[in-house]
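In: Structure, please.
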Amino acid sequence: MSATLATTTATTPLLRRDTSLLRHYSLTASPIFRRNIVGVRSGVQTSLRISASSQSTSAAVNVAADASIPKEMKAWVYGEYGGVDVLKLESNIAVPEIKEDQVLIKVVAAALNPVDAKRRQGKFKSTDSPLPTVPGYDVAGVVVKVGSAVKDFKEADEVYGDVSEKALEGPKQFGSLAEYTAVEEKLLALKPKNIDFVQAAGLPLAIETADEGLVRTEFSAGKSILVLNGAGGVGSLVIQLAKEVYGASKVAATASTGKLELVRSLGADLAIDYTKENIEDLPEKFDVVFDAIGMCDKAVKVIKEGGKVVALTGAVTPPGFRFVVTSNGAVLKKLNPYIESGKVKPVVDPKGPFPFSQVADAFSYLETNHATGKIVVYPIP
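Out: Below is the predicted model:
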């Protein structure tokens, strides 16, 4: 397999800040699906508002039922474990064949997660799929082909989801950082109508992790919760789900100084500046601590008697526990009404979206651990 790294420089979307508490960013989307999809309105410019409070409409994407599907596609690939330098942009990757329970998606946007970097680094190679790998869990796109047993989706449906049912145990060898990807019907949901593909791509793995963590801690109405790393991809959604879906009596969240207003806007009753305050010194205790940063040793000290701590990363201190999310389209379907009503809002990092040619740069930024919300790759050719 020849490896040729893309050297073209895509124009970075113009980012503008407005005067509201939340950062709102306007950008103009490049035309999409130029080469392989019939029916796209060439040259159309679509304004997207990417922020914690935006409720933009979806980018206009028209896909003909008889869309021509090529034999080969562009995809990011790595054939060995290592740093971002192992990532290569290939143009001759075979478009995946679908099984009877799968759909073929023309990818419009994809998002990165910390697990993507850990997987590429070989942190769980013993349970990984074989190399070479097309990375990527999160996807938003358009169905262009359906398997014979698929019942809930049809061609031209706009969908989103986490393409691998198990994040660590045999994840898909060919993920979402490609022009096309094949996904089981049960892992997908229709994209909420009020958000665009960029916002939708950043939701699946993070929102499913947030929801499963709350379920596993038996969180319910009237309980209090402390979210560590409230401005992160998972934490920003835990705040909103705890408040809007599960009826929390109080939501506290940690963030850096510059992100305190963001976590307040998402529903945090108490925003804690972790650069200035130690959570162990808080005068109150919580029913649940959702540790999305790796501070379980401190988290267990601020729970009420009988309280629970779920830790996504770092060492686990009893009674804290860890889980690995199971991808499930039913969770997305359950939460879609909250997204469409605006009660739960995607948070996309303002440095993005990163163009497809700059996936390596997107990974480098992901690995700084300073992202706000989710890092999204868009447009995908």
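
In: can you pull the buried residues of stretch 207-218?
Out: For stretch 207-218, burial by neighbour count (16 or more other CB atoms under 10 Å) applies to 207-214, 217. From N, CA and C alone the C-beta is placed, and that goes for glycine too.

In: try stretch 264-271
Out: Within stretch 264-271, the residues that count as buried by 16+ other CB under 10 Å are 264-268, 271.

In: ok so, going back, which one among the buried residues of stretch 207-218 gets closest to Asp101?
Out: Distance to Asp101, by CB to CB, is smallest for Glu208 among these, at 19.3 Å.

In: Next, the closest one: phi, psi?
Out: Backbone torsions for Glu208, taken as degrees, to the nearest 10, come to phi -70, psi -40.

In: Pull the contacting residues for it.
Out: By CB atoms under 8 Å, 6 or more residues apart in numbering, the residues touching Glu208 are 162, 325-328, 331-332.

In: Mind checking which of those residues land in helices?
Out: Residues of the contacts of Glu208 located in helices (DSSP state H): 331-332.

In: just the contacts of Glu208 now: which is nearest Leu203?
Out: Set against Leu203, the nearest of the contacts of Glu208 by CB to CB is Leu332 (7.6 Å).

In: Show me how the chain divides into domains.
Out: As assigned by automatic domain parsing, the chain contains the domains 25-203+346-377, 207-311.

In: okay, among the buried residues of stretch 207-218, which ones form the most distant pair?
Out: Longest distance between any two of the buried residues of stretch 207-218 is 16.1 Å, between Ile207 and Thr217; criterion CB to CB.

In: quick one: Glu212 is in a helix?
Out: Yes: assigned with DSSP: H, G, I helix; E, B strand; the rest coil, Glu212 falls within a helix.

In: For Glu277, see how far away it is.
Out: Separation of Glu212 from Glu277 (CB to CB, to the nearest Å) stands at 29 Å.

In: quick one: the helices in the chain?
Out: Remark: helices assigned in the chain by DSSP H are 114-120, 197-201, 204-216, 235-240, 260-265, 296-299, 329-340, 359-366.

In: Of those helices, which is nearest Ala140?
Out: For the helices of the chain, the distance to Ala140 is smallest for helix 197-201, at 4.0 Å, taking CB to CB.

In: how about the strands in the stretch 51-200 of the chain?
Out: 72-77, 88-94, 102-112, 138-146, 158-162, 180-184, 188-190 (DSSP state E, counting those that start in this stretch).

In: Show the contacting residues for the closest residue in space to Val146 that isn't next to it in sequence.
Out: Leaving aside its chain neighbours, Val146 sits nearest to Val103 (5.0 Å; criterion: CB to CB, 6 or more residues apart in numbering). By CB under 8 Å, 6+ apart, Val103 lies in contact with 143, 145-147, 150, 153, 159, 182-183, 185, 188.

In: what sits opposite Val103 in the beta ladder?
Out: Beta bridges link Val103 to Val146, Val183 when assigned by DSSP bridges.

In: Export the helices of the chain to CSV and append columns for mean pLDDT and distance to Glu72.
Out: Conversion of the helices of the chain to CSV gives the following (pLDDT from 0 to 100; distance: least, CB to CB, whole Å):
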stretch, mean pLDDT, distance to Glu72
helix 114-120, 98, 23
helix 197-201, 98, 23
helix 204-216, 98, 27
helix 235-240, 98, 36
helix 260-265, 98, 42
helix 296-299, 98, 46
helix 329-340, 98, 28
helix 359-366, 98, 18
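
In: Distance to Pro130 added to the ones you listed, as TSV?
Out: Below are the helices of the chain laid out as TSV (distance: least, CB to CB, whole Å):
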stretch	distance to Pro130
helix 114-120	13
helix 197-201	26
helix 204-216	22
helix 235-240	32
helix 260-265	40
helix 296-299	33
helix 329-340	26
helix 359-366	21
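
In: separation between the nearest residue to Lys223 once chain neighbours are set aside and Ala242?
Out: Nearest residue to Lys223 in three dimensions, chain neighbours excluded: Asp287, at 4.0 Å (CB to CB, 6+ apart). Remark: distance between Asp287 and Ala242 (CB to CB) = 10 Å.
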